[in-house]
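**Student:** coordinates only, sequence not included:
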């Protein structure tokens, strides 16, 4: 038996040493280690959800987050130095854009509404954008910089600009142990910052923690949200035990009879995915208008009217969309008002005003 | 490559060590399960979702877009009455192809067992909000709202059927604990059920197939009358649970 164990140990030593040689980890060679930083996880998330996703090759560090935050608010990543990520992802709008379509540096607008950014590390499906075309956050961040209708830069140019500044090489060195800036490190730093954008202190969260109470209207609104015969919103947008308030899954929620933007189907090519978009979180709706992938609804009233009486049939419509021939379940005006009151309890003023999330430049 | 060669050498060395140490004690084993889905014997593949039309016993034409369900408490009962149950659970998603294989976290002595499992959670396990990996899954939140008694879904089976004007209408055949909100206090009835797969011989490397015949969920079923809002429908839940008793079968057992 002893022989067995020692042989095993010996073997594993061999395996470990073999592994080390093959390791892909960049070793700056100076033994520098940035300061580890844990995410500020709300107690409710801790209690109800599994651990957030943090890639092993991009751990959260104090220096990485600080660098990512500076980059996020710095127009240096755009071709003509005029546009930062934050221009289309503003803290006051829960990191989305109040314009229906954001406008890139060349004055051209896209055809999708910007997306709010929070609780990203709990996107367990790890599909980003309305159509899910980015397979993880680090990959997503590589896109806007070179998107011709957004920051319209090249990565060669963007990294050269950063390299030429007197502050950035030192900040990259502090975050990653190297002064050589490349796009991978830029995306890693910004991803670290984005993962700190956590929203978990809305009135409804406080209500669950017995620190606030809902009005009768808000209480009834929750009941409608959870009632299969009325709102039936919970299958896709969550419930009090699922505090992300989204499933991060793709659906056709009946916006159009004729689908023009193929959404997920544009990316997968599968006709069954035509017109499917990622369900957004219902947190922070007070700050994230306009709504839907194309920002077609300016107000929450319009959104609720859509689900109540505006549903349109198309082939890929989600089976959960009911009584489509009547446009929906036709909620009473009072139920609509209550549903809206409940939805607004999911907004989190502390999140948009958090000093750690504002422009550091 | 060098690494692989080294590992192979080690493995050989380890195996020979094992042979040296041979004793008569029986090594407990894990048993693997895999889940397959069919409509009256015709396998349901990814390409069939939303496209293949099936005709149920009520002659209603329907498609399937989603089959997601929870099973728990896979139980091995030996001839002498000894019971082995890891008490764990597995969420199967036939279309996303996740949870299609599952190994209960328990090792049992090789031998002949009666194998059973619970469809859904029985009341003892159906604790509201208690399972973090089910509160947010790759299929979305799996919970049942508190006004319906809380706990978790057993199954979400969704798709579309053709009504009498050949118009596609969505159905959401969701099974949960039966509940009647019109009663105070809320009336609840455990509609999870135990599926008895029969006898399985467990060896050192056993894989058990569990087959779901989706057609049986609709045998009989009146989809035009019962296609939505089934969660708060007490009688519908009881009927679905009864239909479920004929849904699962033991498939191929490999050693």
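**Tutor:** Yep, it's here. These numbers were taken from a predicted model, which means no experiment stands behind them.

**Student:** and the nearest residue in space to residue A:147 that is not next to it in sequence, how far is that from chain B?
**Tutor:** Spatial nearest neighbour of residue A:147, chain neighbours left out: residue A:104 (7.2 Å); criterion: C-beta to C-beta, 6 or more residues apart in numbering or on different chains. Where C-beta positions appear, they are placed from N, C-alpha and C, glycine not excepted. Relative to chain B, residue A:104 is positioned 33 Å away (C-beta to the nearest C-beta, to the nearest Å).

**Student:** so who does residue A:104 touch?
**Tutor:** A:83, A:110, A:147-152 (C-beta atoms under 8 Å, 6 or more residues apart in numbering or on different chains).

**Student:** again with residue A:344
**Tutor:** A:285-286, A:300.

**Student:** redo that, cut-off 6 Å
**Tutor:** In this structure, residue A:344 makes contact with residue A:286, judged by C-beta atoms under 6 Å, 6 or more residues apart in numbering or on different chains.

**Student:** next, it: phi, psi?
**Tutor:** Backbone torsions of residue A:344, given as degrees, to the nearest 10, read phi -70, psi -20.

**Student:** where does residue 201 sit: helix, strand or coil?
**Tutor:** No chain was given, so I picked chain A. With DSSP: H, G, I helix; E, B strand; the rest coil as the basis, residue A:201 sits in coil.

**Student:** actually, chain B is the one I wanted.
**Tutor:** Assigned with three-state DSSP, residue B:201 falls in the strand class.

**Student:** how close does it get to chain A?
**Tutor:** 30 Å.

**Student:** what bridges to that residue?
**Tutor:** Applying DSSP bridges to residue B:201 gives these bridge partners: residue B:112.

**Student:** rewinding a little: may I ask which of the contacts of residue A:104 has the most neighbours?
**Tutor:** The most crowded member of the contacts of residue A:104, judged by other C-beta atoms under 10 Å in any protein chain shown, is residue A:151 (25 neighbours).

**Student:** so that residue is in which element?
**Tutor:** Using DSSP states H and E, residue A:151 sits in no helix or strand.

**Student:** what residues does it make contact with?
**Tutor:** Residues in contact with residue A:151 (C-beta under 6 Å, 6+ apart) are A:77-78, A:83, A:144-145.

**Student:** which among these gets closest to chain B?
**Tutor:** Closest approach to chain B among the contacts of residue A:151 (C-beta to the nearest C-beta): residue A:144, at 26.2 Å.

**Student:** the closest residue to residue A:95 other than its chain neighbours: neighbouring residues, count only.
**Tutor:** Sequence neighbours aside, residue A:117 is the residue nearest to residue A:95 in space, at 3.8 Å (criterion: C-beta to C-beta, 6+ apart). Around residue A:117 sit 20 other residues, with neighbours defined as other C-beta under 10 Å.

**Student:** so residue A:117 sits in a strand?
**Tutor:** No. Looking at residue A:117 with three-state DSSP, it is coil, so not inside a strand.

**Student:** surely it is in contact with residue A:93?
**Tutor:** No. When contacts are counted by C-beta atoms under 6 Å, residue A:117 is not listed as touching residue A:93 (10.0 Å).

**Student:** hmm, back to that, any idea how far the residue nearest to residue A:95 is from chain B?
**Tutor:** In this view, residue A:117 and chain B are 18 Å apart by C-beta to the nearest C-beta.

**Student:** before we move on, what about residue A:34?
**Tutor:** Remark: distance between residue A:34 and chain B (C-beta to the nearest C-beta) = 30 Å.

**Student:** what confidence value was assigned to that residue?
**Tutor:** As predicted, residue A:34 sits at a pLDDT of 96.
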